[in-house]
Structure formats: structure tokens, C-alpha cells
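*Asks:* Kindly generate the corresponding structure for this input.
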Amino acid sequence: MVSQFGSLGYTIMGKTADLTVVQKTIIDTLHKEGKPQTFIAKEAGCSHSAVSKHVNRMLSGRKRCTTNREDRSLITIVKQNRFKNLSELHKEWTEAGVKASRATTHRRVKEFGYSCHIPLVKPLLNHRQCQRRLTWAKEKKNWTVTQWSKDLFSDESKFCISFGNQGPRVWRKGGEAHSPSCLKSSVKFPRSVMTWGAMPSAGVGPLCFLKTKVTAPVYQEILEHFMLPSADQLFEDADFIFQQDLAPAHTAKSTKSWLNVHGDGVLDRPANSPDLNPIENLWGIVKRKMRNKRPKNADELKATVKEIWATIPPQQCHKLITSMTCRIDAVIKAKGAPIKY
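*Replies:* Have a look, this model is predicted:
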């Protein structure tokens, strides 16, 4: 494609000398259009540093095209919905009567400390659930790492063959990653396998791949054939506390009866609280290690998960268990809201 400025013939080869009037005009015109400086340098026939210096001098001596009040109105738009893209922000801002380019909109947002990120995914908590988490955390506030090391944390997790796109990005400042307005609600993905696993401080137990929906009878079979062997392997004859979430199959009367018969103490954690279960982080580690792997079918997916799970060292499990004291403090500080773990 021939540049609209190509006929001017002011290309300077090699080291850039002082910019000509025509080059300055080219730079000014393209900068107002929001073109990147690399593109501007090529069109003007000068170095990137020459463009950068000219733009900086131009900005330092030029009156801002928006007022402080207009700038604040843009930030209000950002805060109202953190998931709007730049074009939507620019459209809403200019529809309010502000005369600014799309590039100016981007600069103003960045000036206030916002940058665009892929949002973290956290469960949506209501007020009652936050209060339950806060009460639970206060009850465990004085627990030591030794006490947490006696817990056998368990959970199910879904592993996907297709990873899909990551959806819209979110505008946030540093330290706002876990702010409720910046979080994305978790969703379920197709083409996947469900697994059950358990871990204490000593390492991981055997994985169970689930073929059917987890009903109470199915869950009790998992406990019989996977949880008990894991406990025998990892705790030997020492006492332990089994920790599970509040899924219907876990809290069914028949499951409670099964646990009572087998003499296993159970420590239920609050609902919608994956951040209070270290095994969730372990699932995350496995999934990150799978990013460069693309299994073609369910059998390959299971083999990959099992292979990576077996490489988790006991030191990694112990490190996650020791984080429980920090998690408890964080929940109390956040008054029951989601925390960074």
C-alpha cells in the first residue's frame, strides 16, 4: 500500500537529522489519528526516537483537550462497568459532549492508573455466604500449620479438551485484581472429564476419574476406593480430618452415615469457597502445566492429567497447606469477601 505521504519524498536514511517542517506535519497528523509511533516513524522517514521526542515536546507545550471534570466523568464511566472495551468507553464519553479522540480516551484511562487485563474468575457470593465465611475464618483464626497439616483436603475438578477464548477484558488498577467489580463469574466448559483428588501436607493421593454424575452412592464409592487408601498412604496410623465442600452428594444423610461408620472426622468449609481449599491451587498448577498440551480425546486428556498430577512434589503440597493461616487472616480482613488465593 502506498503511503498518503509517500509523494512528499522526505525520507531520511540512516541517522536522523533535525526534523523538517513536512516531517513534523506528518508526525502531528498521524499522532492525532492515534497511529503508533513505529508506524509514524516509517511514514515520516525518521527514527522512532525522533518521533517520540517531537510528540513529547508537542504534548508538553500543548493545552489539554479535556478538562479535569471531563476526565473524572470518564473514570466514572469506567467504574460503572469495568468490562467495557475502549471503543465503548470512547463512544459513551464523546456522547456526553466531550471532544476527544479514541487515543486520548486511552491515554486518560491510563493516566488514572487503569490498564486492561484478563479478569480473574471467582464465585459470586451473597451477603449470607460472606458472613458464613467470616464466622468460619474467625473460628479457625488460632489454628496452627500443624493443625492444618492433619487435614485431608478433597475436591472435584473439570479438565477440558478445548480451552476456548478468555472473554472480555477488564479495566482495573494495581491491587484491584480481586475486587468484586473486576471479577468474572466462573462458567462450565464442554468436552471435558471430571476428576476427584485429595491432598494433605504430605503429598497427593490417587486420582479418580468420574464417569457419571456424582450422586451420594457414587461419592461413597469414591470415599471407599480412593479417599481411604489416600489416607492410609499419607497419614498411616495418624488421625486426620477429612475436608470436603457442601455439594449435595457430600452432605447427603447416607454420606454422613458412611463417614460416621468409618470414624472419619469431617470439617466442612463454607459454601462457594474454593479459595479456602488449597487443592484448588493444585488443580490450577496442573492446568497451567497443560497449556502447551492439546489432547485429542478423553483418554489422552486423562493420561495427561494423571501424568502431571504424579509430578506434584510433597513440598508443593506442604507450601499450600501452610498458606491456610494467611487465607484465614485474609478472609477476616476482607469481611468474608473473596480473597486472592
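*Asks:* export the worst-scoring helix or strand of the chain on mean pLDDT as PDB, just CAs?
*Replies:* Using mean pLDDT, DSSP states H and E, helix 48-61 stands out as the lowest-scoring helix or strand of the chain, at a mean of 78. What follows is helix 48-61 as a C-alpha-only set of coordinates in PDB (Å, rounded to 0.1, in the frame of the first residue of the first chain):
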ATOM      1  CA  HIS A  48      11.400   6.200  16.400                       C
ATOM      2  CA  SER A  49      13.200   8.300  19.000                       C
ATOM      3  CA  ALA A  50      12.800  11.400  16.800                       C
ATOM      4  CA  VAL A  51       9.100  10.800  16.700                       C
ATOM      5  CA  SER A  52       8.900  10.200  20.500                       C
ATOM      6  CA  LYS A  53      10.900  13.400  21.300                       C
ATOM      7  CA  HIS A  54       8.700  15.500  19.000                       C
ATOM      8  CA  VAL A  55       5.500  14.100  20.400                       C
ATOM      9  CA  ASN A  56       6.700  14.600  24.000                       C
ATOM     10  CA  ARG A  57       7.600  18.300  23.200                       C
ATOM     11  CA  MET A  58       4.300  18.700  21.400                       C
ATOM     12  CA  LEU A  59       2.300  17.300  24.400                       C
ATOM     13  CA  SER A  60       4.200  19.300  27.000                       C
ATOM     14  CA  GLY A  61       3.500  22.600  25.200                       C
END
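*Asks:* Please compute how far that helix lies from its chain's middle.
*Replies:* Mean-position distance between helix 48-61 and its chain equals 37 Å (C-alpha atoms, centre = their mean, to the nearest Å).
*Asks:* Just give me the neighbour total for Trp93.
*Replies:* Using other C-beta atoms under 10 Å, Trp93 is surrounded by 25 other residues. Any C-beta I mention is one placed from the backbone N, CA and C, and that applies to glycine too.
*Asks:* Nearest residue to it in space, ignoring adjacent ones along the chain?
*Replies:* Residue nearest to Trp93 in three dimensions, not counting chain neighbours: Leu74, with 5.0 Å by C-beta to C-beta, 6 or more residues apart in numbering.
*Asks:* Give me the helices and strands touching whichever strand or helix holds that neighbour, please.
*Replies:* Here Leu74, judged by DSSP states H and E, is contained in helix 68-80. For helix 68-80, the elements it packs on are helix 86-95, helix 102-111, judged by 3 or more C-beta pairs under 8 Å, 6 or more residues apart in numbering; DSSP states H and E.
*Asks:* and with 6 Å instead?
*Replies:* helix 86-95 (3 or more C-beta pairs under 6 Å, 6 or more residues apart in numbering; DSSP states H and E).
*Asks:* quick one: buried residues of the helix it packs on?
*Replies:* Neighbour-count burial for helix 86-95, counted by 16 or more other C-beta atoms under 10 Å, picks out Leu89, His90, Glu92, Trp93.
*Asks:* The third one touches Ile77, doesn't it?
*Replies:* If I follow you right, that is Glu92. Yes - using C-beta atoms under 6 Å, Glu92 makes contact with Ile77 at a distance of 5.3 Å.
*Asks:* For the stretch 201-341 of the chain, which segments are assigned as helices?
*Replies:* Listed in chain order, the helices of the stretch 201-341 of the chain (DSSP state H, counting those that start in this stretch) span 216-222, 228-235, 248-251, 253-261, 278-289, 298-310, 314-322, 324-333.
*Asks:* Comparing those helices by mean pLDDT, which bottoms out?
*Replies:* Note on the helices of the stretch 201-341 of the chain: helix 228-235 shows the lowest mean pLDDT, a mean of 88.
*Asks:* What residues sit buried inside that helix?
*Replies:* Ser230, Ala231, Leu234, Phe235.
*Asks:* With stretch 285-298 instead?
*Replies:* For stretch 285-298, the neighbour count (16+ other C-beta under 10 Å) marks Val286, Lys287, Lys289, Met290, Pro295 as buried.
*Asks:* Which single one of the residues you listed is nearest to Ala330?
*Replies:* Within those, proximity to Ala330 (C-beta to C-beta) peaks at Lys287, which comes in at 22.7 Å.
*Asks:* So in the chain, which strand runs the longest?
*Replies:* Ranked by residue count, the top strand of the chain under DSSP state E comes out as strand 151-160.
*Asks:* Was I right to think Leu152 contacts Ser201?
*Replies:* No - the criterion here is C-beta under 6 Å, and Leu152 misses it with Ser201 at 9.7 Å.
*Asks:* still on that earlier bit, grab the two from the buried residues of helix 86-95 that are most spread out in space.
*Replies:* Maximum distance among the buried residues of helix 86-95 (C-beta to C-beta): 7.6 Å, for His90 and Glu92.
*Asks:* Can you redo the helices of the stretch 201-341 of the chain as JSON lines, where the extra columns are distance to Cys130?
*Replies:* Listed next are the helices of the stretch 201-341 of the chain as JSON lines, based on distance: least, C-beta to C-beta, whole Å:
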{"stretch": "helix 216-222", "distance to Cys130": "27"}
{"stretch": "helix 228-235", "distance to Cys130": "32"}
{"stretch": "helix 248-251", "distance to Cys130": "20"}
{"stretch": "helix 253-261", "distance to Cys130": "26"}
{"stretch": "helix 278-289", "distance to Cys130": "18"}
{"stretch": "helix 298-310", "distance to Cys130": "32"}
{"stretch": "helix 314-322", "distance to Cys130": "24"}
{"stretch": "helix 324-333", "distance to Cys130": "9"}
